[in-house]
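Colleague: from the sequence below, what's the structure:
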Amino acid sequence: MERKTPLYQTHVDAGGKIVEFGGFLMPVQYPTGVIAEHMAVREKAGLFDVSHMGELRLKGPDAVANVQKIITADISNMKDGEIKYSMFCNDNGGIIDDFIVYRCAADNYWLVVNAGNREKDAAWVESHLSGDVDYRDEGNDWGQIALQGPKSGDILKKLCDEQYIPAKYYTFIEDVPLNLGERTIRALVSQTGYTGEYGFEIYCKAEDTVDLWHALLAAGEEYGLIPCGLGARDTLRLEASMPLYGHELDDEITPLEAGLDFAVKLSKGEFIGKDAIAAKLPIARVRVGLEVTGRGIVREHQDIYIGGRLAGKTTSGTHCPFLGKAMAMAYLAPEDAAAGTEVEVEVRGRRIPCKVVELPFYKR
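Modeller: As a prediction, the model looks like this:
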């Protein structure tokens, strides 16, 4: 049975088109439509319900040792209030999930994982813990709202003093007082997001989520803030060339093949999947960008040909509203991956001309 976030009825009341995603009933779009929602985030601001994401907490004397063992990144140099992107890998070096790590204190770490992998991740983490560590799946305790776009900071300033707004990307502030008009709530605010745009993710108690949503929409009305669904979330992340689990990432693909070297520290101590990742060097495939130069739109799982030879497969593709062209991501052999390489993608029996381009497609 599909689950609902605290904002489910709010989405229904606002005319959101509800679909199943990651085991939750979520809005894919509002009556405004995906393109309008996408452009609002690029030019003004958009509001997303991301309460379906999972939150896992590790606390205690052995929290650091446990986190270091199960993730690819190195947290030894993190400071309180800092965030890192990382992955869990299996024994073969494939990606179980990608997520972000929050350091709340020297012995207190918070892992925010993908909605579709919540239960899988929670069980996997628990099965690999040892020593003196307190582990808790907090996924049902929190509501999470993403406020994304160039006007996000101006909107947030209407709910709290500027001192409570994280000034740097991938940093956060806990226990932020947010004035909702009728009352003040406490929240964690991070300068993060999945759109390639300036913005924030706000974590509050589940029971405060609806009031926070309405307060943000009211505060953002003068700036053009609108609610956005999963459709725009996907076009925005693809335009910004951000990988999505189940598309660019899965349990067969290694982080280095996915081009996520920055989130892997092979020089740190042992971690699950380390030896397998190293053993697969040099990598046999690499994530690339494709620009559609012919007519049509390329989607996922479509065959790529170079000079009549089957060369790879696409992982995601769509029309990118801000860029005004169709783009895709794919995996190719390193020797086929140079920018400018001409390829063809087979779409319903027709081969569409494309060319390899640098990632990311869009950078603010």
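Colleague: helix/strand/coil for the closest residue in space to Ala328 that isn't next to it in sequence?
Modeller: Take Ala328 and drop its neighbours on the chain: the residue closest to it by Cβ to Cβ, 6 or more residues apart in numbering is Gly317, 3.2 Å away. Every residue, glycine included, has its C-beta placed from N, CA and C. Using DSSP: H, G, I helix; E, B strand; the rest coil, the secondary structure recorded for Gly317 is strand.
Colleague: would you agree Gly317 is in contact with Ile304?
Modeller: No: between Gly317 and Ile304 there is no contact under Cβ atoms under 8 Å: 11.0 Å.
Colleague: between those two, which contacts overlap?
Modeller: Taking Cβ atoms under 8 Å, 6 or more residues apart in numbering as the contact rule, Gly317 and Ile304 both touch Leu290.
Colleague: how close does the residue nearest to Ala328 get to Glu162?
Modeller: Distance of Gly317 to Glu162, computed by Cβ to Cβ, to the nearest Å: 40 Å.
Colleague: of those two, which one has the most company?
Modeller: The neighbour count for Gly317 versus Glu162, taken as other Cβ atoms under 10 Å, is higher for Gly317 (25 against 9).
Colleague: residue contacts, the more buried one?
Modeller: Gly317 makes contact with Leu238, Leu290, Val292, Ile297, Val298, Arg299, Glu300, Gln302, Ala326, Met327, Ala328, Met329, according to Cβ under 8 Å, 6+ apart.
Colleague: just those: which are in strands?
Modeller: Cross-referencing the contacts of Gly317 against strands under DSSP state E gives Leu290, Val292, Ala326, Met327, Ala328, Met329.
Colleague: contacts for stretch 86-100?
Modeller: Stretch 86-100 is touched from outside by 70-73, 83-85, 101, 111-114, 117, 120-121, 124-125, 170, 192, 243, 245, 249-255, 258, 260, 263-264, 271-274, 276-277, 279-280, with contacts defined as Cβ under 8 Å, 6+ apart.
Colleague: in ChimeraX, how would I select just the buried ones from these?
Modeller: A single ChimeraX command selects the buried members of these (16 or more other Cβ atoms under 10 Å):
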select :70,71,72,73,83,84,101,111,112,113,114,117,121,124,125,192,243,245,249,253,254,255,258,260,263,264,271,272,273,274,277,280
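Colleague: can you list which of the contacts of stretch 86-100 are found in strands?
Modeller: Using DSSP E, those in strands are Ile83, Lys84, Tyr85, Val101, Leu111, Val112, Val113.
Colleague: how about the nearest residue to the fifth one, chain neighbours excluded?
Modeller: The reference is to Leu111. Excluding its sequence neighbours, the residue lying closest to Leu111 (Cβ to Cβ, 6+ apart) is Leu56, at 4.4 Å.
Colleague: list phi and psi for that neighbour.
Modeller: Note on Leu56: backbone dihedrals following degrees, to the nearest 10 are phi -120, psi 130.
Colleague: ok, it - contacts?
Modeller: Taking Cβ under 8 Å, 6+ apart, we find Leu56 in contact with Trp110, Leu111, Val113, Asp121, Ala122, Val125, Tyr135, Arg136, Asp137, Glu138, Gly139.
Colleague: wait, isn't the first one in contact with Met53?
Modeller: No: because the distance of 11.5 Å does not satisfy Cβ under 8 Å, Trp110 is recorded as not touching Met53.
Colleague: the two: which has the busier surroundings?
Modeller: Met53 (24 against 21).
Colleague: what's the neighbour count on Glu37?
Modeller: Neighbour count of Glu37, defined by other Cβ under 10 Å: 24.
Colleague: residues contacting it?
Modeller: Contacts of Glu37 by Cβ under 8 Å, 6+ apart are Gln29, Tyr30, Gly46, Ile226, Pro227, Cys228, Gly229, Gly231, Ala232.
Colleague: ok, now Gly224?
Modeller: Ala40, Glu43, Lys44, Ala45, Lys151.
Colleague: how does it look with 6 Å?
Modeller: Counting by Cβ atoms under 6 Å, 6 or more residues apart in numbering, Gly224 touches Lys44.
Colleague: next: Ile253.
Modeller: Per Cβ under 6 Å, 6+ apart, neighbours of Ile253: Ile95.
Colleague: may I have the phi/psi pair for it?
Modeller: phi -90, psi 130.
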